[in-house]
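Asks: got a structure for you, letters missing:
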């Protein structure tokens, strides 16, 4: 139980290393006041006070300046003044409006027909309804809405400073969401809690892929370091992903679950099979430290990579195909990714292919090519070059499938 929330602890405590923030501490965003207090004492309290970010009903009742009962013109002028709402309240209202009018569409961009109606009900009705009870989900929605605004608003209709402030606002809400989500994960996941947790995990995945693609966002000098930060964030969702299939089977969330490949042993294209065989051969020949689980972890992830290729083929390029690989990375392999070990990078090269095939989706777009180019720069001219030749060829093309 403690293990599944430990990764979220790391994400929350090291948010500055996971999330890129615009501006300096002396130049706060005009979009929100990052010192504005947010009531988060209860992870299941009514979320309307989190939206306000000011006070609880009790604090309002004890205020030294209660709302006047008189209807004099002076009182009305006070009530209707610009000070009625704080800047953060107005920003959150704008973000929620943006979610309902624009952002939610990106959640269903890969669905059609009757299933699209089910997704509409899920993302536009059910999930926002759950956010009223679960503040960690509300903050996740606001965070993703801010990222979506920054990614989709035309450059000629918004300033760079506004876009940068939206990136900051997205980070602000994510850092509020993570500790509340961690609190929820401190108790056993059941058929009730899995629903807001699954929705929140989906939003965190969109944030992880989308935030760094905001125009003019300061990028890490090393795209591989940026990638390791994103997958570390996603890796903290493993407990939710493992619990999801059985607990969500009879809920409206079933439509959001990835299908199981009809034939897990089905052959893939010759190029994919050759690449996977090369990885397997190296994994067998590698000398792993006695007692470590590295070899076992890499062998498992080669299987997950095959699973991802099959999912892409059978799930018609759904954006959630990008999630399993990042979420299921065992610690020894995740450590290899962080340390940019050659064999780990050869494995990630295959994942870059999956991301490249999914590039039409807003949240993923340039990830595959950026990561693959960095891997090629790192391994070009070494003994590992032959393994990654095929992934490089794919991401250098306009291919959408293998």
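Replies: Arrived safely. Just so it is clear, the model here is predicted, and its values are computed rather than measured.

Asks: What segments of the stretch 301-402 of the chain are helices?
Replies: 323-328, 331-338, 342-357, 367-379, 389-395 (DSSP state H, counting those that start in this stretch).

Asks: what mean pLDDT would you report for the longest one?
Replies: Looking back up the chat, that one is helix 342-357. In this model, helix 342-357 has a mean pLDDT of 96.

Asks: and if you look at the shortest one?
Replies: Averaging pLDDT along helix 323-328 gives 90.

Asks: what about the helices of the stretch 301-402 of the chain, which gets the closest to residue 290?
Replies: helix 331-338 (13.6 Å; Cβ to Cβ). Placement of C-beta: from N, CA and C, glycine included.

Asks: what sits up against the closest one?
Replies: 224, 227-228, 231-232, 235, 292-294, 297-298, 301, 329, 343-345, 347-348 (Cβ atoms under 8 Å, 6 or more residues apart in numbering).

Asks: before we move on, back to that, among the helices of the stretch 301-402 of the chain, show me which one is buried the most.
Replies: Mean neighbour count (mean count of other Cβ atoms under 10 Å) peaks for helix 342-357 among the helices of the stretch 301-402 of the chain, with a mean of 25.

Asks: what angle sits between that helix and helix 367-379?
Replies: 150 degrees (axes from the mean of the first three to the mean of the last three Cα atoms, to 10 degrees).

Asks: What is helix 342-357 packed up against?
Replies: Other helices and strands packing on helix 342-357, by 3 or more Cβ pairs under 8 Å, 6 or more residues apart in numbering; DSSP states H and E, are helix 270-285, helix 294-314, helix 323-328, helix 331-338, helix 367-379, helix 389-395.

Asks: host element of residue 130?
Replies: For residue 130, the host element (DSSP states H and E) is helix 127-131.

Asks: I would like the residues contacting that helix, please.
Replies: In contact with helix 127-131 (Cβ under 8 Å, 6+ apart) are residues 47, 99-100, 137-138, 141, 195-196, 199.

Asks: Repeat that for stretch 222-230.
Replies: Contact with stretch 222-230 is made by 17-18, 208-209, 212, 219-220, 326, 334, 337-338, 340, 345, 348, 367, 370-371, 373-375, 378, as judged by Cβ under 8 Å, 6+ apart.

Asks: what's the helix or strand for the residue nearest to the spatial centre of the chain?
Replies: Centroid-nearest residue in the chain, with Cα atoms, centre = their mean: residue 205, separated by 1.9 Å. Residue 205 is part of helix 194-210, with elements assigned from DSSP H and E.

Asks: what about residue 249, distance to residue 228?
Replies: Using Cβ to Cβ, to the nearest Å, we find residue 249 at a distance of 33 Å from residue 228.

Asks: Which residue of those two possesses the greater neighbour count?
Replies: More crowded of residue 249 and residue 228, by other Cβ atoms under 10 Å: residue 228, with 23 against 11.
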